[in-house]
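Undergrad: with the input below, show me the fold.
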Amino acid sequence: MIANQTPAADYREIAGRFTQLVEGVPDDATWNRRSPVPEWTARDVVGHLVGWFPGFLAAGAGVTLPSGPSVDDDPVSAWRTMSDGVQAVLDDPASADKKLVNPHIGELALPTAIAQFFTTDVFLHTWDLARATGQDETLDPQRCAALLEQLQPLDDLLRSSGQYGPKVAVADDADPQTKLLAFIGRDPR
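TA: The predicted model follows:
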């Protein structure tokens, strides 16, 4: 999260960019292109985000997000419906008093949990979707540097989770985006 920015504002910015990419996919064939995530297409990137987060919120905070069409049928509407629901939760002042409880992460304020786990995931997968669909892959360099700094101390935990591939070697003087992508196991080349 950017300093002095609320989880709601942060999500609005990150999800807004991801939504532009989703809406910028020109045709159904493009949705079937391979992404940088092994075994995933562009459609699967959206499917991952739409698929895991509603259950995480429901189980940990009792929050039910609206459900839209399946990603297979309409990835744009599926994403927008779910993402608009996340934004509504973050915009609701009552959410500040809610907690998310999870056996792996403990208890967190709901907006903090959304920022740490979902907004970050959306930001990282923005590059995957852009790369798969031939759109602008540029990520905010300050956010990349800040996120890399947050993730590096968790290296062993992240690798053992199975959610991140092995780090990719890059030059020491690489830009922040390249370093972040390499750290999470993407080959930025």
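
Undergrad: rest of the way, CA atoms for contacts and neighbours
TA: Will do.

Undergrad: let me see the contact set for the spatially most central residue of the chain.
TA: Central residue of the chain (Cα atoms, centre = their mean): residue 122, 1.6 Å from the mean position. Listed by Cα atoms under 8 Å, 6 or more residues apart in numbering, the contact partners of residue 122 are 14, 15, 18, 49.

Undergrad: select only the buried ones of these in ChimeraX?
TA: Here is the ChimeraX selection string for the buried members of the contacts of residue 122, based on 16 or more other Cα atoms under 10 Å:
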select :14,15,18,49
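
Undergrad: torsion angles phi and psi at residue 133?
TA: With angles defined as degrees, to the nearest 10, residue 133 sits at phi -100, psi 10.

Undergrad: is it true that it touches residue 45?
TA: No. Counting by Cα atoms under 8 Å, residue 133 stays clear of residue 45, with 11.0 Å between them.

Undergrad: sec struct for the residue nearest to the centre of the chain, please.
TA: Following DSSP: H, G, I helix; E, B strand; the rest coil, residue 122 is assigned to helix.

Undergrad: next: residue 5.
TA: Assignment for residue 5 (three-state DSSP): coil.

Undergrad: what's the local residue count around residue 131?
TA: 19 (other Cα atoms under 10 Å).

Undergrad: from the contacts of residue 122, which ones fall inside helices?
TA: The helices, defined by DSSP state H, take in 14, 15, 18, 49 from the contacts of residue 122.

Undergrad: the lowest-mean-pLDDT helix or strand in the chain: which residues count as buried?
TA: Among the helical and strand segments of the chain, the one scoring lowest on mean pLDDT, DSSP states H and E is helix 155-160, with a mean of 73. For helix 155-160, the neighbour count (16+ other Cα under 10 Å) marks residue 158 as buried.

Undergrad: what do you get for stretch 16-33?
TA: Per 16+ other Cα under 10 Å, stretch 16-33 contains these buried residues: 17, 18, 19, 21, 22, 25, 31, 33.

Undergrad: any idea of the mean pLDDT in it?
TA: What stretch 16-33 shows for mean pLDDT is 96.

Undergrad: try stretch 78-95
TA: 97.

Undergrad: can you check stretch 53-73 too?
TA: Computed over stretch 53-73, the average pLDDT equals 95.

Undergrad: what does it rub up against?
TA: With Cα under 8 Å, 6+ apart, stretch 53-73 has contacts from 43, 46-47, 50, 75, 77-79, 81-82, 85-86, 98-102, 110, 118.

Undergrad: how about stretch 169-180?
TA: Looking at stretch 169-180 with Cα under 8 Å, 6+ apart, the contacting residues turn out to be 138, 139, 140, 141, 142, 144, 145, 147, 148, 182, 188.

Undergrad: and the least confident helix or strand of the chain, C-alpha only, in CSV?
TA: Taking Å, rounded to 0.1, in the frame of the first residue of the first chain, the C-alpha atoms of helix 155-160 are listed here in CSV:
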residue,chain,number,x,y,z
ASP,A,155,11.2,-15.5,1.2
ASP,A,156,11.3,-18.9,2.8
LEU,A,157,7.6,-18.8,3.7
LEU,A,158,6.6,-17.7,0.2
ARG,A,159,8.6,-20.4,-1.5
SER,A,160,7.3,-23.1,0.9
